[in-house]
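[1] Got a predicted structure here, sequence first:
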Amino acid sequence: MKHQIEAIVLASDEPISLQKLRDLLDHKLSSADIRSALTELQQHYQTRGINFVAVAGGWQFRTAPAHAALVQRLWQVKAPRLSRSALETLAIIAYRQPITRAEIEALRGVSVSSQMLATLQERGWIKLLGRKDVPGRPHLYGTTKQFLIDFSLNELNDLPDSSQLLDDHETTNNANITSTATMATQQNLRSTHGQQ
Amino acid sequence: MKHQIEAIVLASDEPISLQKLRDLLDHKLSSADIRSALTELQQHYQTRGINFVAVAGGWQFRTAPAHAALVQRLWQVKAPRLSRSALETLAIIAYRQPITRAEIEALRGVSVSSQMLATLQERGWIKLLGRKDVPGRPHLYGTTKQFLIDFSLNELNDLPDSSQLLDDHETTNNANITSTATMATQQNLRSTHGQQ
Amino acid sequence: MNATAHIPFKQANQEAHALPAVHLDQFDGPLDILLHLIRSQELDIFDIPLAMITQQYLDILETQTDMDLEDSYLETAGDYLVMASTLMQLKSRLLLPRPEMDEAGNAVDPRSELAAQLLAYEQYRLLAEGLNERPLMQRDVFTRCVFPEADDVQRPLAQADLDALLLAFRQILKRRSGEVRHQIFTETISMREQMSVVLQRLRKGSLQLDELLRDTPGREALVTTVLAILELWRQQSIIVLQGEHCTAITLLNNDGNT
């Protein structure tokens, strides 16, 4: 079971709680069993380069504090990439704003953690735009100016056309039309925009 | 040093190469030292829930394949299924790159849809390497680093050796031509890879 | 239904094997069928009994014609027919009174090319299976996907990657419309047609983009419609208005009155 926990904790995109572990693992396992496995893991990794630690109501692998400088150096050379789930969430917000969390979840087909939204907010890429006028008055999310700056976009309309779904070689015979059309669009968009 | 490596490998988004490790660690360490530490780590994690594996010319922590079902449950996703035709196309590209669509079709005996190539491209497994210098200047396809990462390959040469298999069956009068062609292919593979 | 029950065996010395009925969509192309026929009857690939194989191959194709044809078959029907004619051509070449010679004056078996092609194909089929058995990311193995923080490490800022963002969005769209996508692909919707549909609908007055796209089924139709709108816009047949960022987009006929 210790090994199962290791695998789950590594793959998870947020700290994983005892409750979640119980749900995923065999239900016959008692909380006490799981808890003692967690303690064992914590001890095992205590002396290693990666630690198995309890944070924010769950468990996570983290680099050992002793190697902080080293990790910092790695990240200076290459900034970390966004996780896939963060990218998906950000993409939905960018293309479909203003949008509520429930709507994001419906599109992604999986739940979106508060931590993920907080991370994107902390990163300065998304913000609250207000509340939607439906029961429960959920928050509406949208992207920020910082998002445009960091992704080198002049305006939201510069986001790559999601209808580029038709892949370049799929439409050889349409290619000319498409590219002219796209150019026309961008010009039109700009001029429409300039008039505001 | 083993622990420093653990920390770096966990922190890195991508498999991290021996060279990168050397750059980050103390420069006085010899490659041989690092290599033996890597081997030790690989052995240490072999029997655990997370493995320390060599992929795409670097090192990475991954969940052990034995726990795949469990992690899928965590992510609430069904395992992606690859169609046989997609796999065949991918295998042909992997072994015969750089290769044109017409050449793939000749080997498979069936037309290869643009949609299929687009899907493989979207998954990040294949890419355009340029154009072949023949009439029509068709696109040349090859596999990517992502392909190595996703299929747990350290390098293209880790693919089961096909040239041997082919030579066994091929008729004697073709043998010379075939082996020259295969050698050329493998050289191409290597050089293509070096450029990545 | 047994596809092979009525095969006329032209070569009396060929032992008849009862082949289990097969359906075309179990196969991945004509080479796949031929290999199946050869391997399941334990025939020598360098000495293929062409008359028998050709007949069996045609029988398999024939069993499909009455059925509700699969889309995938229609797309590749040509490939299957090409193979049928290749087989028949080989058969006739074998019947020539004088064997074909190469430059060195050796007899050439017209079937050797086919045999080589089949072997190469079989090889790749095996390699594809081998590939499928490898630990595949997101199926068999997973890596971490959050930054592993440590107490003393300042959280690094993630890098912005526009391509990755677009790819992520495409994948979501694909995930959502994956089911519809397949059906739509068989009938290619022409952009011209879609352009007149759009104009037709705008004749009754302005429409919002969402309204226009709402009842467009499937990804292909959606994309075609969007392309049609762009083309109409480029030709200045319609006017496209957007009040503010991210608000509704309105489409109007550009007939001079509006």
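    Cool, got the structure. Numbers count the residues shown, from 1 in each chain, chains lettered A, B, ... in the order given.

[2] going forward, measure contacts between C-alpha atoms and count neighbours the same way
    Noted.

[3] hey, where'd the helices end up in chain C?
    Using DSSP state H, the helices of chain C run over C:30-40, C:50-65, C:71-94, C:112-133, C:162-184, C:191-202, C:209-214, C:218-234.

[4] I'd like to know how many residues surround C:Gly130.
    Other residues lying near C:Gly130 total 14 when counted by other Cα atoms under 10 Å in any protein chain shown.

[5] So stretch A:13-32, near chain B or not?
    Yes - Stretch A:13-32 comes into contact with chain B (Cα under 8 Å from any Cα of the partner chain), by way of A:Leu24, A:Leu25.

[6] Please identify the buried residues of that stretch?
    Within stretch A:13-32, the residues that count as buried by 16 or more other Cα atoms under 10 Å in any protein chain shown are A:Asp13, A:Glu14, A:Pro15, A:Ile16, A:Ser17, A:Leu18, A:Leu21, A:Leu24, A:Leu25.

[7] Please narrow the residues you listed to those residing in helices.
    Using DSSP H, the subset of the buried residues of stretch A:13-32 located in helices is A:Leu18, A:Leu21, A:Leu24.

[8] Quick one: residues contacting the second one.
    Think A:Leu21. Counting by Cα atoms under 8 Å, 6 or more residues apart in numbering or on different chains, A:Leu21 makes contact with A:Ile5, A:Ile34.

[9] Can you check the pLDDT for it?
    Looking at A:Leu21, its pLDDT reads 90.

[10] list the contacts for the residue lying closest to C:Asp102 once chain neighbours are set aside?
    Residue nearest to C:Asp102 in three dimensions, not counting chain neighbours: C:Val108, with 6.3 Å by Cα to Cα, 6 or more residues apart in numbering or on different chains. Taking Cα under 8 Å, 6+ apart, we find C:Val108 in contact with C:Pro99, C:Glu100, C:Met101, C:Asp102.

[11] Reformat those residues as JSON lines; add pLDDT and neighbour count.
    JSON lines is the format used below for the contacts of C:Val108 (pLDDT from 0 to 100; neighbours: other Cα atoms under 10 Å in any protein chain shown):
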{"residue": "C:Pro99", "pLDDT": "72", "neighbour count": "14"}
{"residue": "C:Glu100", "pLDDT": "74", "neighbour count": "14"}
{"residue": "C:Met101", "pLDDT": "76", "neighbour count": "11"}
{"residue": "C:Asp102", "pLDDT": "77", "neighbour count": "10"}
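
[12] which one of these sits closest to C:Ser196?
    Of all those, C:Glu100 has the smallest distance to C:Ser196: 58.8 Å, by Cα to Cα.

[13] least trustworthy helix or strand in the chain by mean pLDDT?
    Chain wasn't specified; assuming chain A. Within chain A, no helix or strand scores below helix A:175-194, which has a mean of 35 by mean pLDDT, DSSP states H and E.

[14] nope, chain C please
    helix C:162-184 (a mean of 61).

[15] for chain B, what are the nearby residues on chain C?
    Residues of chain C lying close to chain B (Cα under 8 Å from any Cα) are C:28-31, C:76, C:79-80, C:116-117, C:119-121, C:123-125, C:127-129, C:131-132, C:134-144, C:147-148, C:167.

[16] Output the helices of chain C in JSON lines; the columns should cover distance to chain A.
    Compiled in JSON lines, the helices of chain C are given as follows (distance: least, Cα to the nearest Cα, whole Å):
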{"stretch": "helix C:30-40", "distance to chain A": "24"}
{"stretch": "helix C:50-65", "distance to chain A": "29"}
{"stretch": "helix C:71-94", "distance to chain A": "15"}
{"stretch": "helix C:112-133", "distance to chain A": "20"}
{"stretch": "helix C:162-184", "distance to chain A": "5"}
{"stretch": "helix C:191-202", "distance to chain A": "9"}
{"stretch": "helix C:209-214", "distance to chain A": "12"}
{"stretch": "helix C:218-234", "distance to chain A": "6"}
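
[17] among those, which gets the worst mean confidence?
    Mean pLDDT values for these show the minimum at helix C:162-184, a mean of 61.

[18] how many other residues sit next to the nearest residue to A:Ala37 once chain neighbours are set aside?
    Closest residue to A:Ala37 apart from its sequence neighbours, by Cα to Cα, 6+ apart: A:Lys2 at 5.7 Å. Here the count is done by other Cα under 10 Å, and A:Lys2 has 15 residues near it.

[19] and stretch C:226-241, C-alpha only, in PDB?
    In PDB, the C-alpha atoms belonging to stretch C:226-241 read as follows (Å, rounded to 0.1, in the frame of the first residue of the first chain):
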ATOM      1  CA  VAL C 226     -16.800  30.000 -39.300                       C
ATOM      2  CA  LEU C 227     -14.700  29.900 -42.500                       C
ATOM      3  CA  ALA C 228     -17.800  30.700 -44.500                       C
ATOM      4  CA  ILE C 229     -18.500  33.700 -42.400                       C
ATOM      5  CA  LEU C 230     -14.900  34.900 -42.700                       C
ATOM      6  CA  GLU C 231     -15.100  34.500 -46.400                       C
ATOM      7  CA  LEU C 232     -18.400  36.400 -46.700                       C
ATOM      8  CA  TRP C 233     -16.900  39.100 -44.500                       C
ATOM      9  CA  ARG C 234     -13.800  39.300 -46.700                       C
ATOM     10  CA  GLN C 235     -16.000  39.700 -49.800                       C
ATOM     11  CA  GLN C 236     -17.900  42.300 -47.800                       C
ATOM     12  CA  SER C 237     -21.200  40.500 -48.400                       C
ATOM     13  CA  ILE C 238     -21.800  40.700 -44.700                       C
ATOM     14  CA  ILE C 239     -20.900  43.100 -41.800                       C
ATOM     15  CA  VAL C 240     -19.500  41.900 -38.600                       C
ATOM     16  CA  LEU C 241     -19.900  44.000 -35.500                       C
END
